[in-house]
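Asker: return atomic coordinates for the entry below.
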Amino acid sequence: MGPWMHDSWMHTWFGMWLWPLLLIVLIIALIVFLGRRYSARNFSSPDAGTDQSTETALDILKKRYAKGEITKDEFDRMKKDIVS
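Answerer: Prediction:
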C-alpha cells in the first residue's frame, strides 16, 4: 500500500494528533517567552541602579516632596501617618 492509503502513518494517532498538539504547545511557549521578555524590558525602572523593592514609603514621600509634588504641610502630615 502506498502513502495515500488509510494505513499510512499520518492516519495514526501519532500523525493526526501529536504533531498539531506539539505545534500548538510550541506557539504558546513562544508567546509566553516573548511576552515575559517584552514586559521585563518595558516595565523596568527608568532609574537604573535603584532597587525599588527596598524603597520604603518614607523614601517615596521624601522624593515626592523633593520634586515639589506635595507641600511641606502635606509632607509633615503624611510622614506622621507613616511613622506612627
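Asker: any idea which helix is longest in the protein?
Answerer: helix 19-42 (DSSP state H).
Asker: any idea which helix or strand comes after it?
Answerer: helix 57-67 (DSSP states H and E).
Asker: list the buried ones in that next one?
Answerer: Leu61, Tyr65 (16 or more other CB atoms under 10 Å). Backbone N, C-alpha and C define where each C-beta goes, glycine included.
Asker: what is it packed up against?
Answerer: The elements that helix 57-67 packs onto, with contact taken as 3 or more CB pairs under 8 Å, 6 or more residues apart in numbering; DSSP states H and E, are helix 72-83.
Asker: tell me the mean pLDDT for the helix it packs on?
Answerer: For helix 72-83, mean pLDDT is 93.
Asker: send me that helix as PDB with only the CA atoms.
Answerer: In PDB, the C-alpha atoms belonging to helix 72-83 read as follows (Å, rounded to 0.1, in the frame of the first residue of the first chain):
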ATOM      1  CA  LYS A  72       5.600  71.000  53.500                       C
ATOM      2  CA  ASP A  73       2.300  70.600  55.400                       C
ATOM      3  CA  GLU A  74       1.300  67.600  53.300                       C
ATOM      4  CA  PHE A  75       4.700  66.100  53.800                       C
ATOM      5  CA  ASP A  76       4.600  66.500  57.600                       C
ATOM      6  CA  ARG A  77       1.000  65.100  57.800                       C
ATOM      7  CA  MET A  78       1.800  62.100  55.600                       C
ATOM      8  CA  LYS A  79       5.100  61.500  57.400                       C
ATOM      9  CA  LYS A  80       3.300  61.500  60.700                       C
ATOM     10  CA  ASP A  81       0.800  58.900  59.300                       C
ATOM     11  CA  ILE A  82       3.700  56.700  58.000                       C
ATOM     12  CA  VAL A  83       5.800  56.800  61.200                       C
END
